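[1] no sequence on this one, just coordinates:
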């Protein structure tokens, strides 16, 4: 029987992102056995960006604070995920508006969120809970 959910919490240390990322990708590979290389790469990029952001920007590399990631499989081709940190949060709408109004390549911050937004089907940020939630529908069905 397939597991339909995944949850990990880890201390805010950049060197812990890669092992957690590998666990996430293994979970997604088992949950979507025919995941394409394109979707696999998209998921890897999404999680790498969001987990590093949570550690560095959310928790300011404070090892006494944690980052949590959860994944729920919705159906055979879709999942949702929440990444939460213990930081102060950021103004998501302001950042998205700034990205939209300027050439994002030249911004010091925000390119990662723009990339994640382009690779997910829905992206929401909850300032009060310091969490970002997204939904991803797989596009291809060819095993990598």
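    Nice, thanks for sending it over. Treat the numbers as computed from the prediction; the structure is a model and nothing was measured.

[2] After the helix or strand of the chain with the lowest mean pLDDT, which helix or strand is next?
    Of all helical and strand segments in the chain, the minimum by mean pLDDT, DSSP states H and E falls on helix 92-101, at a mean of 60. Next in sequence after helix 92-101, counting helices and strands by DSSP states H and E, comes helix 111-119.

[3] Measure how far that next one is from the centre of its chain, please.
    10 Å (CA atoms, centre = their mean, to the nearest Å).

[4] Summarise which helices and strands the lengthiest strand in the chain is packed against.
    For the chain, the strand with the greatest residue count under DSSP state E is strand 66-75. Under the contact criterion of 3 or more CB pairs under 8 Å, 6 or more residues apart in numbering; DSSP states H and E, strand 66-75 touches strand 5-11, helix 17-31, helix 37-53, strand 78-84. Glycine gets a C-beta too; all of them are placed from N, C-alpha and C.

[5] centre of the chain versus it, how much separation?
    9 Å.

[6] in it, what counts as buried?
    Neighbour counts over strand 66-75 (16 or more other CB atoms under 10 Å) mark 66, 67, 69, 70, 71, 73 as buried.
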